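1. only geometry, no sequence info:
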């Protein structure tokens with residue numbers, strides 16, 4: 001990838017946990033995506049790379065993907081993971097380029113093509129285990145309705161918002177029973 005900020009060599013740990021006496025197991029992936037709020041494109045590439053790696057790792061078992069995604073429910077990386085059909089609504093977030101390029105229009109066109117190509121891949125669709133959060137814990141924070149089920153914040157400092165998530169694959173039989 002041309003972006004000088006982009007690195008894929010440190011985005012996640014993936015492991016398979018299996019029972020000794022059975023063929024049952026679960027894949028756990030933990031991530032910490034790029035921190036800069038202006039770099040949604042980089043986080044989108046990291047998230048898609050991570051999904052590809054998880055899919056290649058072991059498709060037989062359900063998986064949990066958790067970590068600090070440094071993305072909010074109204075950002076393109078979150079929607080790529082949890083609301084794939086909504087991803088195109090957030091394309092404006094990948095056109096911000098904060099480093100020198102020879103041709104900004106060509107870079108934007110390249111990024112748009114990459115996103116369209118990513119959407120064509122047969123990657124698993126995820127859901128946040130917090131999707132029913134509001135039905136379990138009534139919310140009074142101003143962003144609850146806008147963020148459709150996720151907690152209003154997972155960080156509460158100078159910045160207040162949700163950046164940390166636990167995702168599961170929609171198609172597998174892994175059902176959260178409660179949030180602690």
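-> Cool, got the structure. Please read all numbers here as calculations on a predicted model, not as lab measurements.

2. Most distant residue from the centre of this structure?
-> residue 21 (33.2 Å; CA atoms, centre = their mean).

3. quick one: that residue from residue 63, how far?
-> Going from residue 21 to residue 63 by CB to CB, to the nearest Å gives 21 Å. Quick note: C-beta positions are derived from backbone N, CA and C, even for glycine.

4. Mind checking what secondary structure the residue farthest from the centre of the chain has?
-> Under the three-state scheme (DSSP: H, G, I helix; E, B strand; the rest coil), residue 21 adopts coil.

5. pLDDT score assigned to it?
-> We have a pLDDT of 92 for residue 21.

6. now do the one 10 residues further on
-> Reading off the confidence values, residue 31 has pLDDT 96.

7. What count of nearby residues applies to it?
-> The tally of other residues near residue 31 (other CB atoms under 10 Å) stands at 21.

8. how about it, what does it touch?
-> The contact partners of residue 31, by CB atoms under 8 Å, 6 or more residues apart in numbering, come to 11-12, 46, 50, 65-69.

9. Try it again at 7 Å.
-> Residue 31 makes contacts with 11-12, 50, 67, 69, as judged by CB atoms under 7 Å, 6 or more residues apart in numbering.

10. pLDDT (mean, whole number) over stretch 150-166?
-> pLDDT averaged over stretch 150-166 gives 86.

11. That stretch: end-to-end distance?
-> 10 Å (CA to CA, to the nearest Å).

12. May I have the phi/psi pair for residue 88?
-> Per-residue torsions, residue 88: phi -60, psi -20 (degrees, to the nearest 10).

13. tally of neighbours for it?
-> The number of residues near residue 88, taken as other CB under 10 Å, comes to 13.

14. Then residue 169?
-> The tally of other residues near residue 169 (other CB under 10 Å) stands at 21.

15. tell me which element the nearest residue to residue 98 once chain neighbours are set aside falls in.
-> Nearest residue to residue 98, sequence neighbours excluded (CB to CB, 6 or more residues apart in numbering): residue 38, at 5.4 Å. Mapping residue 38 onto the secondary structure by DSSP states H and E places it in no helix or strand at all.

16. Give me the pLDDT value at residue 38.
-> Residue 38 is assigned 87 on the pLDDT scale.

17. my guess is residue 94 meets residue 115, correct?
-> Yes: using CB atoms under 7 Å, residue 94 is in contact with residue 115, at 6.5 Å.

18. Residue 64 belongs to a strand, doesn't it?
-> Yes: counting by three-state DSSP, residue 64 is located in a strand.

19. any idea how far residue 38 is from it?
-> Taking CB to CB, one finds residue 64 at 29 Å from residue 38.

20. can you give me the helices for the protein?
-> 40-57, 76-82, 104-120, 133-136 (DSSP state H).

21. got the ones you listed as CSV, with distance to residue 166 and mean neighbour count columns?
-> Output for the helices of the chain, formatted as CSV (distance: least, CB to CB, whole Å; neighbours: other CB atoms under 10 Å):
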stretch, distance to residue 166, mean neighbour count
helix 40-57, 14, 21
helix 76-82, 11, 25
helix 104-120, 22, 14
helix 133-136, 11, 14
